[in-house]
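Visitor: Based on what follows, work out the 3D shape:
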Amino acid sequence: MRTSTNYLTWFMRAVAIVAAVFGAATIRAGGSVLFGDGAQTAGNVVGFVLWFNFLAGFAYVAAGAGMWMRRGWSAKLAIAIAAATVLVFGAFGIHVAAGGAFEARTAWAMTLRSVVWILIALLAFKAIKRNNPAPAPLAAAIDRPAIATGAK
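Guide: Numbers count the residues shown, from 1 in each chain. Model prediction:
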């Protein structure tokens, strides 16, 4: 069973990297439009979608870090991200149906985000729910008593 445990650890680390990189790219892209010169080329921006994606980027990075450390909360965060993304995508659909201005790439981007986070949430929940502990070096560091408190 050691091989399957190692495989699962490295698989979840790959998922964690995807989540964190996706988050960093989302923060950069959203930040460019919100605070930089990206607004000039963005076209018909849907404000609530842009702000959601920008802020969600930070949650993506946090989820990626938690998945790297194989923390149970990261699977829950991934599920929350997936659910929130689908809800915002639904609100975007209502905005479009009501005749609101939008860019087609927003629909494609929200489709991609929804699919990616549903998959990440499923993978994280399935892998982390097995109650696998953190990798050995990290577990040892976490279980060590705090030196500053003098605890033994």
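Visitor: measure the residue nearest to residue 128 when sequence neighbours are not counted to residue 37 for me?
Guide: Excluding its sequence neighbours, the residue lying closest to residue 128 (C-beta to C-beta, 6 or more residues apart in numbering) is residue 75, at 4.4 Å. Glycine gets a C-beta too; all of them are placed from N, C-alpha and C. Distance, residue 75 to residue 37, using C-beta to C-beta, to the nearest Å: 37 Å.
Visitor: ok, back up a step: check which helix or strand covers the residue nearest to residue 128.
Guide: Here residue 75 sits within helix 72-97, counting by DSSP states H and E.
Visitor: Of residue 75 and residue 37, which one has the most company?
Guide: Neighbour count, other C-beta atoms under 10 Å: between residue 75 and residue 37, residue 75 has more, with 24 against 9.
Visitor: Now do the contacts for the more buried one.
Guide: 67, 121, 124-125, 127-129 (C-beta atoms under 8 Å, 6 or more residues apart in numbering).
Visitor: ditto for residue 46
Guide: With C-beta under 8 Å, 6+ apart, residue 46 has these contacts: 92, 95, 100-102, 106.
Visitor: longest helix of this structure?
Guide: Using DSSP state H to define each element, the chain has its longest helix at helix 2-35.
Visitor: buried residues in that one?
Guide: 8-9, 12-13, 15-16, 18-20, 22-23, 26-27, 29-30, 33 (16 or more other C-beta atoms under 10 Å).
Visitor: what's the answer for stretch 110-121, then?
Guide: Of all the residues in stretch 110-121, those buried under the rule 16+ other C-beta under 10 Å are 110, 113-114, 116-118, 120-121.
Visitor: Could you check how far that stretch is from the centre of its chain?
Guide: Computed by C-alpha atoms, centre = their mean, to the nearest Å, the chain-centroid distance of stretch 110-121 equals 9 Å.
Visitor: for stretch 35-47, same thing?
Guide: From the chain centre to the centre of stretch 35-47 is a distance of 23 Å (C-alpha atoms, centre = their mean).
Visitor: Over to stretch 52-70?
Guide: With C-alpha atoms, centre = their mean, you get 4 Å for stretch 52-70.
Visitor: what does stretch 97-116 give?
Guide: On C-alpha atoms, centre = their mean, the centre of stretch 97-116 falls 18 Å from the chain's centre.
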